[in-house]
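Chemist: Need coordinates for the following:
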Amino acid sequence: MQALDTNILIHAFLADSPLHEAANAEIVALASAGGGWAIPWPCIHEFFAVVTNRKLGAPPSRVEAAKNQISEWMRSPTLHLLAETRAHWATLESLIAAGKVTGGLVHDAKIAALCLDHGVSQFVTLDRDFSRFPGLRVRSLV
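Modeler: Presented below is the predicted three-dimensional model:
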């Protein structure tokens, strides 16, 4: 099962993004493959926060569009939403130590821990910071 990072979701959503077609094609391919795909819950939260942020120039109408997009992803019968398990702290703690994680990178470590706890085979992202987490197999969209 492959999981998607926030940046892939954002590029798939924003039609004017230069990576829109590639990101959207990635989601369609994963959702159609039948083997299951995943989105960590923190990535859903972050997606909504970024694409609706008026300080970044988001029009007010984008709130409904973003909610509709999330609902559309949720309708995929092969989607797995990744949330914390009882093992989460142990996994997160080991990633924090291995990656010498502090500050803002804790968010990335949390996402990596969710992927590892749920047996994600590959995490698709545009963020090179995820390569610091042992055991997480990362693939860049581009």
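Chemist: Can you identify each of the strands in the protein by residue range?
Modeler: Taking DSSP state E to define them, one finds strands in the chain at 2-4, 37-40, 79-82, 122-125, 138-140.
Chemist: Please convert the ones you listed to TSV, extending it with distance to L114.
Modeler: Just so you know, the C-beta spots here come from the backbone N, C-alpha and C atoms, and that holds for glycine as well. Listed next are these as TSV, based on distance: least, C-beta to C-beta, whole Å:
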stretch	distance to L114
strand 2-4	8
strand 37-40	4
strand 79-82	4
strand 122-125	10
strand 138-140	14
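Chemist: So which of those is nearest T91?
Modeler: For these, proximity to T91 was assessed by C-beta to C-beta; strand 79-82 is nearest, at 11.8 Å.
Chemist: if we can go back for a sec, dump the strands of the chain into TSV; add mean pLDDT, mean neighbour count and distance to P59 as well.
Modeler: Shown next, in TSV, are these (pLDDT from 0 to 100; neighbours: other C-beta atoms under 10 Å; distance: least, C-beta to C-beta, whole Å):
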stretch	mean pLDDT	mean neighbour count	distance to P59
strand 2-4	98	23	25
strand 37-40	98	24	24
strand 79-82	98	17	27
strand 122-125	97	20	27
strand 138-140	96	14	30
